[in-house]
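*Asks:* sequence first, then the predicted structure:
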Amino acid sequence: MARYLLRRLAFLLVSLALASVVLFVLLRMLPGDPANALTSVGASPEQIAAARHSIGSDRPLPEQFTHWLGQLASGDLGTSFVSSLPVGPEVGARLNVTVPLTLAAFVLAVLVAVPAGFAAAHKRHTWYGALLSGVSQLGIAVPVFWLGMILIAVFALNAGWLPSGGFPQDGWAAPAEAVRSLVLPVVTIALVMSASLIRYVRSATLDVLGSDHLRTARALGSSFGRAMWRHGLRNASVPVISVLGIELASTLLGAVVVESVYALPGLGSLLATGIAQHDYPVVQGVLFLSTLAVLLIGFAADLVQRIVDPRLRGRLSGGAR
């Protein structure tokens, strides 16, 4: 296990380094000049050159890249070109919205998808099993922004039960208002995510239901529930764990759409503003942390799979020898 952890850690560091290079290069290839956000319309070439010099965008790209890496090594995400404020505290403030939104939606989606997916597989020959499968297929096809607008129209504009968007100015210092402002965004993400998860849970459960070891357990006198609990649950959970990691990572990255629909001051809106203003430090900081989060989620999912499935631990031991 120690060798495996070291290999995975090395892979994570190499992936993060490659992602940093790609991120830096692609960002500089985008059309536009960050100095334009610092100067007024009709600025003279001398003013634009002075703005470029003040933010360092006139330096050679290798020098800019090594400067950024040096900042990252010291835990500094840089300073915004536009606001002249440190990027780290701004990202931290936005994480107070994005992280609760993502985790709450993920937990709700799992609570809905796991029993629904199991029921869709176990009762696949019944009308409600077919209904669950059909609803999950429909949910996958629904765009998240469209679903968000429907929920706003129904529960905020017509019923008036929940706010249509925004976040309290005091943040989590006003917990009741903060929770109310996240209800619709959380439900929006959770519904779309659960539709996809139901399919994977159903497929994994069907594989277990048709397996020899489950039929053997039933033939030896175990009830269906006992056989599933002792022999089926672990096998069905292995592929689902991988999908859960992917869904959690994609939800974190895709929060920009939902945050835009609900006007939430999260990482998504910060990233969109940074891209529009060519604010390289902001965009780099958000995408770097997002990439790190995705890699850590993948690492955690892989580790949990190996803990749950003894066969993977056996392969690991064999490979170590």
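*Replies:* It's in.
*Asks:* going by C-alpha atoms from here, please, whenever you check contacts or count neighbours.
*Replies:* OK.
*Asks:* tell me the confidence at the spatially most central residue of the chain?
*Replies:* By CA atoms, centre = their mean, the chain has its centre lying nearest to residue 252, at 2.2 Å. Residue 252 carries a pLDDT value of 80.
*Asks:* 11 is where my numbering starts, stick with that
*Replies:* New numbering, starting at 11: the last item is residue 262.
*Asks:* which residues does it contact?
*Replies:* Taking CA atoms under 8 Å, 6 or more residues apart in numbering as the contact definition, residue 262 lies against 108, 109, 112, 300.
*Asks:* secondary structure class of it, three-state.
*Replies:* Under the three-state scheme (DSSP: H, G, I helix; E, B strand; the rest coil), residue 262 adopts helix.
*Asks:* follow-up on the earlier one: include secondary structure and neighbour count when you put the contacts of residue 262 into a markdown table, please.
*Replies:* Converted to a markdown table, the contacts of residue 262 look like this (DSSP: H, G, I helix; E, B strand; the rest coil; neighbours: other CA atoms under 10 Å):
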| residue | secondary structure | neighbour count |
| --- | --- | --- |
| 108 | helix | 24 |
| 109 | helix | 15 |
| 112 | helix | 23 |
| 300 | helix | 16 |
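*Asks:* quick check, nearest of those residues to residue 80?
*Replies:* residue 300 (19.0 Å; CA to CA).
*Asks:* wait, that closest one touches residue 265, no?
*Replies:* No: Residue 300 lies out of contact with residue 265 (CA atoms under 8 Å); the separation is 11.1 Å.
*Asks:* how about residue 309: what's its closest non-neighbour residue?
*Replies:* Spatial nearest neighbour of residue 309, chain neighbours left out: residue 18 (7.2 Å); criterion: CA to CA, 6 or more residues apart in numbering.
*Asks:* next: residue 213.
*Replies:* Per CA to CA, 6+ apart, closest to residue 213 is residue 131, 7.3 Å.
*Asks:* wait, residue 198 sits on residue 156?
*Replies:* No: using CA under 8 Å, residue 198 is not in contact with residue 156; the gap is 9.5 Å.
*Asks:* neighbour count: those two, which is higher?
*Replies:* Neighbour count, other CA atoms under 10 Å: between residue 198 and residue 156, residue 198 has more, with 22 against 13.
*Asks:* so who does the more buried one touch?
*Replies:* 154, 157, 158, 161, 268.
*Asks:* just give me the neighbour total for the last one.
*Replies:* Pointing back at residue 268 there. Other residues close to residue 268 by other CA under 10 Å number 26.
*Asks:* secondary structure element for it?
*Replies:* For residue 268, the host element (DSSP states H and E) is helix 265-271.
*Asks:* which helices and strands does that helix pack with?
*Replies:* Applying 3 or more CA pairs under 8 Å, 6 or more residues apart in numbering; DSSP states H and E, one finds that helix 265-271 contacts helix 154-161, helix 185-219, helix 277-286.
*Asks:* so how far is the first one from its chain's centroid?
*Replies:* By that I understand helix 154-161. Distance of helix 154-161 from the chain centroid (CA atoms, centre = their mean, to the nearest Å) equals 19 Å.
*Asks:* ok and it relative to helix 185-219, angle-wise?
*Replies:* Orientation check (axes from the mean of the first three to the mean of the last three CA atoms, to 10 degrees): helix 154-161 against helix 185-219 gives 120 degrees.
*Asks:* which strands and helices sit next to helix 154-161?
*Replies:* Counting by 3+ CA pairs under 8 Å, 6+ apart, helix 154-161 packs on helix 185-219, helix 265-271.
*Asks:* in the first one, what's buried?
*Replies:* The neighbour-count check on helix 185-219 (16 or more other CA atoms under 10 Å) flags 187-192, 194-216, 218-219 as buried.
*Asks:* and what of the last one?
*Replies:* Under the neighbour-count criterion of 16+ other CA under 10 Å, helix 265-271 has 265, 266, 267, 268, 269, 270, 271 buried.
*Asks:* distance to residue 296 and pLDDT added to those residues, as a markdown table?
*Replies:* Listed next are the buried residues of helix 265-271 as a markdown table, based on distance: CA to CA, whole Å; pLDDT from 0 to 100:
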| residue | distance to residue 296 | pLDDT |
| --- | --- | --- |
| 265 | 12 | 77 |
| 266 | 11 | 77 |
| 267 | 15 | 82 |
| 268 | 17 | 88 |
| 269 | 15 | 87 |
| 270 | 16 | 85 |
| 271 | 19 | 88 |
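*Asks:* ok, those residues vs residue 183, which is closest?
*Replies:* Looking across the buried residues of helix 265-271 and measuring by CA to CA, the closest to residue 183 is residue 269, at 20.2 Å.
*Asks:* would you list every one of the strands in this protein?
*Replies:* Assigned strands in the chain: none (criterion: DSSP state E).
*Asks:* show me the contact partners of stretch 89-98.
*Replies:* So stretch 89-98 is in contact with 44, 47-48, 65, 86-88, 287, 289-292, 295, going by CA under 8 Å, 6+ apart.
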